[in-house]
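1. Sharing a sequence plus its predicted fold:
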Amino acid sequence: MPDLLPILTSLAWPLAIAIAWIAGEFGQRWTGLPRISFYGLAGFALGSPQLGVLPAPDAGAASMLADVAFGLILFELGYRINLRWLRNNPWIGISGLVESLSTFVAVYFIAAAFGTPQLTALMLAALAMATSPATVVRVINEQRSSGQVTERVLHLTAQNCVLAVFAFNVVVGFWIFRTFEDLGDAIWNSLVLLAVSILTGAVFGLAVPALLRGLKNPRQDATVAFALAVILLVALSYAGGLSPVVATLAFGLVARHRRVAYSQAQRGFGALGELLTVLLFVFAASTLDWEKVAAGSLLAVVIVLARLLTKTFGVMAFAHLSGISWRKGALAGVALAPLSVFVILLLEHARLRGVHVVEELRSVAAVTMLLEVFGPIIIQRALVWAREAPELRHAA
């Protein structure tokens, strides 16, 4: 008889994805909550530290596929950013800057008060600035929401991601300099790689639309071409040690402004995007260890509440100046709560670059687990209360 262990190991990821998808479909039908909350719960339960169905996170191609899934979502986010709107209404960008910096300061002092080492506290503060685009884009697409709050959440999410990656890279550069006393390597790993990532994504954003124009049929072929380009861009980012987060976001942003239509019927990249989204949330949650989640639970709750307050008041403070009511400003700030997937993938990238201090951040894994489950629910409710989720307006 053949050895069953290799067979079962090879079936682990397909089985986990199938279980998570089923949990998401039935969970959403029975509760009305976002599917991705159930994907996260399934991934966490099946992870190596829990039930042990899935192998270690860095084993196999799962990490690469998760980055591809994240890249597709970031491309879509970048494609939906309107720079002209931000230029005409600069208070939106200012509110994003204020709420991000307020979050950084608040989380740093909270982490320090809990006895967290300085570098770890700085990394945690940088990560806390972000909002998970995977959660935001997925919930907005699932709820088919549109309106002032929805558009502000999309634009602020993109801004938060760029600011968080920049701050995180600066902290990583500081760690490298303090550890190895190599200023050149520190600058290269913090600022230069970030600039090269932006440039690489921008080149793709110019080249792919030009290729589509050469094919004389951009509307029909755009979705497949963009998906293939994102896969290639993520692979190049891995090979060159670049940031796939910034590269794919820049790709979508530049591609949008090259005026190539991205078919609305293929928002989320169709079935491919759906499948990879399930894998992404299962992978992210499977990296968490329940013992470390439990150990960091108190700090996690305090950080989650602090983020919610700083982001809500940061956006609400500029609500009238940016042309919306206090209530909608507050709801836009609340909707910026999701964090999980972004944090997990950024930590994996840092670990691959040799920044071993990120292992200390696993003690606050509870932050990511809390927002893996509750982040999608928070943004869903914010969109419902803003009356921008058409299918749920009567429920509000």
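-> Perfect, thanks for sending it.
2. If you count neighbours, what's buried in stretch 78-92?
-> If you call a residue buried by 16 or more other CB atoms under 10 Å, then stretch 78-92 has these buried ones: 78, 79, 80, 81, 86, 91, 92. For every residue, glycine as well, the C-beta is placed using N, CA and C.
3. Could you dump those into a markdown table and include secondary structure?
-> Below are the buried residues of stretch 78-92 laid out as a markdown table (DSSP: H, G, I helix; E, B strand; the rest coil):
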| residue | secondary structure |
| --- | --- |
| 78 | helix |
| 79 | helix |
| 80 | coil |
| 81 | coil |
| 86 | helix |
| 91 | helix |
| 92 | helix |
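4. and the two most separated of those?
-> 79 and 91 (23.4 Å; CB to CB).
5. Neighbours of residue 61, how many?
-> Around residue 61 there are 9 other residues, counting by other CB atoms under 10 Å.
6. Dump the buried residues of stretch 78-92 to TSV, plus distance to residue 289 and pLDDT.
-> What follows is those, written out as TSV (distance: CB to CB, whole Å; pLDDT from 0 to 100):
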residue	distance to residue 289	pLDDT
78	33	85
79	36	84
80	35	83
81	35	84
86	40	83
91	42	91
92	38	91
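7. Next up, the contacts around the residue nearest to residue 164 when sequence neighbours are not counted.
-> Excluding the flanking residues, the one nearest residue 164 by CB to CB, 6 or more residues apart in numbering is residue 130, at 3.6 Å. Neighbour list for residue 130: 160, 161, 163, 164, 165, 339, 342, 343, 346 [criterion: CB atoms under 8 Å, 6 or more residues apart in numbering].
8. on that earlier part again, what would the buried residues of stretch 78-92 look like in a markdown table with distance to residue 37?
-> A markdown table is the format used below for those (distance: CB to CB, whole Å):
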| residue | distance to residue 37 |
| --- | --- |
| 78 | 25 |
| 79 | 25 |
| 80 | 23 |
| 81 | 26 |
| 86 | 31 |
| 91 | 32 |
| 92 | 28 |
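9. Quick check: of those, which lies closest to residue 23?
-> residue 80 (28.5 Å).
10. re the thing from before, out of the contacts of residue 130, who's the most crowded?
-> Highest count within the contacts of residue 130 by other CB under 10 Å belongs to residue 342, 29 neighbours.
11. Which residues lie in contact with that one in this structure?
-> Each residue near residue 342 by CB under 8 Å, 6+ apart is listed here: 127, 130, 131, 132, 133, 134, 161, 164, 245.
12. Pull up the gap between residue 215 and residue 223, please.
-> In this view, residue 215 and residue 223 are 13 Å apart by CB to CB, to the nearest Å.
13. where does the residue nearest to residue 164 land on pLDDT?
-> Listed pLDDT for residue 130 reads 88.
14. Report the separation between it and residue 25.
-> To residue 25, residue 130 is 29 Å away according to CB to CB.
15. same deal with residue 165?
-> Taking CB to CB, one finds residue 165 at 33 Å from residue 25.
16. cool, residue 37 as well?
-> 13 Å.
17. who has more neighbours, those two?
-> residue 37 (24 against 12).
18. my guess is that one contacts residue 371, does it?
-> No. Applying CB atoms under 8 Å as the test, residue 37 and residue 371 come out as separate, 10.2 Å apart.
19. Neighbour count for residue 215 and residue 223, which is higher?
-> Higher neighbour count among residue 215 and residue 223: residue 223, with 19 against 11, using other CB under 10 Å.
20. Tell me which residues touch residue 35, please.
-> For residue 35, the contact set (CB under 8 Å, 6+ apart) comprises 24, 25, 27, 28, 142.
21. By neighbour count, which of those residues wins?
-> Across the contacts of residue 35, neighbour numbers were computed from other CB under 10 Å; residue 24 holds the maximum, 23 neighbours.
22. where does that residue land in three-state SS?
-> helix.
23. Spit out the contact partners of it.
-> Each residue near residue 24 by CB under 8 Å, 6+ apart is listed here: 35, 36, 38, 39, 42, 278.
24. redo that, cut-off 6 Å
-> Residues in contact with residue 24 (CB atoms under 6 Å, 6 or more residues apart in numbering) are 35, 38, 39.
25. now residue 227
-> Per CB under 6 Å, 6+ apart, neighbours of residue 227: residue 269.
26. Name the secondary structure element that contains it.
-> Using DSSP states H and E, residue 227 falls within helix 218-240.
27. No more questions from me, cheers.
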